[in-house]
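Asks: sequence and predicted structure below; questions after.
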Amino acid sequence: EEVPSQTFDNKDYFCGKETFPVYESVFTEEGETIRKIAAETEKPPQIEIHVWTIRKGILRHFYVEKVSKREFEELPYFKLITRTTPSQWKIFSEGEAQISQMCESRVCRTELEDLVKVLYLEKSEKGHC
């Protein structure tokens, strides 16, 4: 039985800031973990998918692909993990570029996990925006 997921559409949740959904897909094949983080952007309306290929904790390959919302809806395995703001997405993208260079020669499991945490917004207390 499906448990209703928490919805993040309420503008009050993030002090009225513009937010958009972030999705994640993780699967393993032939000893590699393929982790995808996807965000839905308004302008232009598309899905930006950040793909990480990790082997033995080392980021082996990283790239970004852009697809239409219709194409994205047909992709399997993605689940909504949070909503984020454009500024947090920018921090994520910039951090990802730094990590992709840093992690070519060493294990970076914690750095990648910490980077994804950037996308999660802190729920503000009412009246503390």
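Replies: Done, it's in.

Asks: remind me which residues of the protein are low pLDDT?
Replies: Within the chain, the set of residues satisfying pLDDT under 70 comprises 1-16, 123-129.

Asks: one more time with 80, if that's ok
Replies: 1-17, 42-44, 57, 100-109, 121-129 (pLDDT under 80).

Asks: which residue ranges of it form helices?
Replies: For the chain, the helices defined by DSSP state H cover 69-73, 86-102, 109-117.

Asks: out of the ones you listed, flag the one nearest residue 34.
Replies: helix 109-117 (12.6 Å; CB to CB). Backbone N, C-alpha and C define where each C-beta goes, glycine included.

Asks: next, the angle from the closest one to helix 86-102.
Replies: 160 degrees (axes from the mean of the first three to the mean of the last three CA atoms, to 10 degrees).

Asks: who touches helix 109-117?
Replies: Counting by CB atoms under 8 Å, 6 or more residues apart in numbering, helix 109-117 makes contact with 24, 35, 37, 52, 54, 57, 59, 92, 95-96, 99, 102-103, all of which sit outside it.

Asks: how does it look with 10 Å?
Replies: For helix 109-117, the surrounding residues in contact (CB atoms under 10 Å, 6 or more residues apart in numbering) are 22, 24, 33, 35, 37, 50, 52, 54, 56-59, 62, 81-82, 91-96, 98-100, 102-103, 108.
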